[in-house]
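Participant: my questions are about this predicted structure, shown below with the sequence.
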Amino acid sequence: MPRACSAQRAQFLADGAKQTEQKDESASETPASGKESEEATTKQEKGEKEEEKGEASGQEGGPAAAAPPATGSHAAENFQPEPIPGSGKWGFTHTKGNAHKCGSDNKQWCCDRGSQFNVEQDRCDPTKGHNATVMSVAGLISDFQNSTKIFRIPDQVDHNGVRGCTHKNAVACKDEEQKLCCCNAGFIYSFPERECEADTADPKNIEDPVPGSDKWGLLHRVGQASKCVNHPKKYCCHRMCQYEIGHDRCGECVSYEQAPPPKAWEVINKYVGEKGNYVIPPKIDKPGLMGGCSTKNAKKCTVPTSGEKHCCCHQGFAFSFVSRQCLAPAAWQSEQQQDMPQAPGQQGHQGPQGQAGQEGQGQNQHGQPQNGQGPAPPPQGEEVGVPRSVATLAGFAPLLLMSKFLLLLA
């Protein structure tokens, strides 16, 4: 009996020891699992913080951590708006669709995203989409001036309509298709100022004064001309228009896409070379009913190859387009040198000395000596002296001359 109890007791102690070992193992494994759980939690929290940080940096304008690298035309997108030069001068009724105020003073206008500046129409036009590639405003203006001219005014800025061109120093011009507005000779168009400014860079872009135009009366038809800016007493032909010596006015305007027409002095020099420096254009002075001329020291003459009646200066005189008079050699030469933009050319060699042809040594139509042949000398009849101021009144000149003729008959 005692041996049986001892065996049971031994088995009980062995089972207890085994259970104790299992509990110890479980206890030792539990802290390890908790540590792994804590590490996983820490990593998850760290990841969430990094994600929040990336989103915050993306909102501030910096690159987002998860965003792919920028590629294509949008990678170099300019986020700075580009004000349209001179748009601060847009009036209340100016079309401002697809545009918004911008600039440091918020008084200029910029095209909206997806819109592009139309230089000719002076407005912003929509493109195919908000992400469409558009040219810069400066590039568009440069292309416009290169394809047209630096003096050409956009049609919407100044339209050549019923009122004509309204900007200061702007005149009517044309291309091969339509009538437009251009800055006059000597000026170029400024987009920032929205007006015609003096051209200080191109020495060839200058005004073209008509010699003697300061003698034009109030009723004189000037044609395509206006008072000069640098020579306020004279008239200047408009850009791309030339002096018509046969009408004593400016006309024959050509497209600005063509070569510029000759200057006034070039036209005069050609006339002098063909007819002689003593022949007065009929529009300036021509014989009246009695055969006399209103210009002092001039009389009726016959000009070869011309069906019109002319007045010619007397022997030893030449006609000055500057003062519109027949002058002696010294005075004639002085006026030409003072008024010509350059030193006298052939005209200087065809001075009053060439009038010897009327005294015996003739000249041909180019002003060269010709033995005994030349324009017929002026008639030796009575000279009718009509004041220059009266002769400019073309509508009344015949009536005045008729009245004087009747008085002579009486």
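Facilitator: Structure's in. What do you need? Residues are numbered from 1 along each chain as shown.
Participant: measure stretch 177-188 end to end?
Facilitator: One end of stretch 177-188 to the other measures 22 Å (Cα to Cα, to the nearest Å).
Participant: got the buried residues for that stretch?
Facilitator: Using 16 or more other Cβ atoms under 10 Å as the test for burial, stretch 177-188 gives Leu180, Cys181, Cys182, Cys183, Asn184, Ala185, Gly186, Phe187, Ile188. Any C-beta I mention is one placed from the backbone N, CA and C, and that applies to glycine too.
Participant: hmm, Asn169 and the fourth one touching each other?
Facilitator: Read that as Cys183. Yes: assessed by Cβ atoms under 8 Å, Cys183 is found in contact with Asn169 at 6.0 Å.
Participant: joint contacts of those two?
Facilitator: Cys196 (Cβ atoms under 8 Å, 6 or more residues apart in numbering).
Participant: how about the helices in the stretch 51-200 of the chain?
Facilitator: 137-147 (DSSP state H, counting those that start in this stretch).
Participant: pLDDT weak spots in it?
Facilitator: Filtered on pLDDT under 70, the stretch 51-200 of the chain yields the residue ranges 51-79.
Participant: change it to 80
Facilitator: 51-80, 129-132 (pLDDT under 80).
Participant: for stretch 251-259, which residues meet the burial criterion?
Facilitator: Gly251, Glu252, Cys253, Tyr256.
Participant: let's have the residues you listed in CSV, adding secondary structure and distance to Val210.
Facilitator: Below are the buried residues of stretch 251-259 laid out as CSV (DSSP: H, G, I helix; E, B strand; the rest coil; distance: Cβ to Cβ, whole Å):
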residue, secondary structure, distance to Val210
Gly251, strand, 12
Glu252, coil, 13
Cys253, coil, 15
Tyr256, coil, 20
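Participant: so among those residues, where is pLDDT lowest?
Facilitator: Within those, Glu252 has the lowest pLDDT, namely 86.
Participant: the residue lying closest to that residue once chain neighbours are set aside bridge partners, please.
Facilitator: Once flanking residues are discounted, Glu252 sits nearest to Gln242: 5.2 Å by Cβ to Cβ, 6 or more residues apart in numbering. With DSSP bridges as the criterion, Gln242 is bridged to Gly251.
Participant: what sits against Gln242?
Facilitator: Cys250, Gly251, Glu252, Cys253, Pro261, Pro262, Lys263, Ala264, Val267.
Participant: swap the cut-off to 6 Å and go again
Facilitator: Contact analysis of Gln242 by Cβ atoms under 6 Å, 6 or more residues apart in numbering lists Glu252, Pro261, Pro262.
Participant: from Gln258, how far out is it?
Facilitator: Taking Cβ to Cβ, to the nearest Å as the measure, Gln242 falls 12 Å from Gln258.
Participant: likewise Glu177?
Facilitator: Taken as Cβ to Cβ, the span from Glu177 to Gln258 is 13 Å.
Participant: what about the residue nearest to His167 when sequence neighbours are not counted, neighbour count?
Facilitator: Spatial nearest neighbour of His167, chain neighbours left out: Asp158 (4.7 Å); criterion: Cβ to Cβ, 6+ apart. For Asp158, the tally of surrounding residues (other Cβ atoms under 10 Å) stands at 22.
Participant: contact partners for Cys326?
Facilitator: Cys326 neighbours (Cβ under 6 Å, 6+ apart): Thr295, Asn297, Ala298, Cys313, Phe317, Phe319.
Participant: what about it, which SS state?
Facilitator: Look at Cys326: counting by DSSP: H, G, I helix; E, B strand; the rest coil, its state is strand.
Participant: sorry, back to before: okay, the buried residues of stretch 251-259 in TSV with distance to Asn146 next?
Facilitator: Shown next, in TSV, are the buried residues of stretch 251-259 (distance: Cβ to Cβ, whole Å):
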residue	distance to Asn146
Gly251	30
Glu252	27
Cys253	23
Tyr256	14
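Participant: follow-up on the earlier one: pretty sure the residue nearest to His167 sits against Lys168.
Facilitator: No: the pair Asp158 / Lys168 is not scored as a contact, 10.1 Å apart, by Cβ atoms under 6 Å.
Participant: quick one on the thing from earlier: now the residue nearest to His167: how far from Arg194?
Facilitator: 9 Å.
Participant: low-confidence stretches in the stretch 201-350 of the chain?
Facilitator: For the stretch 201-350 of the chain (pLDDT under 80), the answer is 303-308, 341-350.
Participant: show me where it has strands.
Facilitator: 225-227, 235-237, 242-244, 249-251, 279-280, 298-301, 310-313, 318-320, 325-327 (DSSP state E, counting those that start in this stretch).
Participant: of all those strands, which lies closest to Asp339?
Facilitator: The closest of those to Asp339 is strand 318-320. By Cβ to Cβ, the value is 8.9 Å.
Participant: partners of that closest one in the sheet?
Facilitator: Going by DSSP bridges, the partners of strand 318-320 are strand 325-327 (antiparallel).
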